[in-house]
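What follows is a predicted protein model with its sequence.
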Amino acid sequence: MEIEEIMKEIVDAAYKIHTRIGPGLLESVYEVVLAKALENRGLAVRRQVPVAIRYDGIHIEEGFKVDLLVENSVVVELKSVEKMAPVHAKQLLTYLRLMDLRLGLLINFGAPTLKEGTRRIANAYAPPPGFL
């Protein structure tokens, strides 16, 4: 499946969840429900994936955990807040850089509409799929 198709499936599943369940629940609830919805669509989904940090001879095995990793190519960072802060997008971009991935979705289930609560984040430094 192409990465754009994966992104569309994620957004569509999130939209249906937001429409049906609505905003206001804990982030962990949306994480479980979205992961199951994507698996039901035939996508490979891993939750709370640990990612190592390497910097200047320092190696931290579990520097952070991403909420969802879909098809080993798209990081999905979930929020359930009234309003996203600029740091949320920066956080996802850093995750993408550390994982050497190109695309991620920042989804805020706390927003009044999913359109207002969804941001696509791109890592310009990652090689495009099939580059090597």
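Everything's here; your move. Not measured: the values here are computed from a predicted model.

My guess is residue 63 contacts residue 94. True?
No - when contacts are counted by C-beta atoms under 8 Å, residue 63 is not listed as touching residue 94 (9.9 Å). Quick note: C-beta positions are derived from backbone N, CA and C, even for glycine.

for the chain, longest helix please?
helix 3-21 (DSSP state H).

If I take the very next helix or strand once past that helix and helix 3-21, what angle do their directions form?
For helix 3-21, the succeeding helix or strand toward the C-terminus, using DSSP states H and E, is helix 27-40. Here the directions of helix 27-40 and helix 3-21 differ by 130 degrees (axes from the mean of the first three to the mean of the last three C-alpha atoms, to 10 degrees).

Quickly list what the residue nearest in space to the middle of the chain is bridged to.
Centroid check for the chain by C-alpha atoms, centre = their mean gives residue 76 as the closest residue, at 0.7 Å. Counting by DSSP bridges, residue 76 forms beta bridges with residue 68, residue 105.

residues contacting it?
By C-beta atoms under 8 Å, 6 or more residues apart in numbering, residue 76 lies in contact with 10, 34, 66-70, 104-105, 107.

Present those as TSV; the columns should include distance to residue 1.
What follows is the contacts of residue 76, written out as TSV (distance: C-beta to C-beta, whole Å):
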residue	distance to residue 1
10	11
34	17
66	19
67	20
68	16
69	15
70	10
104	17
105	15
107	19
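
Mind giving me the ChimeraX command for buried ones among these?
Remark: buried members of those, expressed as a ChimeraX selection using 16 or more other C-beta atoms under 10 Å:
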select :10,34,66,67,68,69,70,104,105,107
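
possible to save the contacts of residue 76 as a markdown table with pLDDT?
Converted to a markdown table, those look like this (pLDDT from 0 to 100):
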| residue | pLDDT |
| --- | --- |
| 10 | 98 |
| 34 | 98 |
| 66 | 96 |
| 67 | 97 |
| 68 | 98 |
| 69 | 98 |
| 70 | 98 |
| 104 | 97 |
| 105 | 98 |
| 107 | 97 |
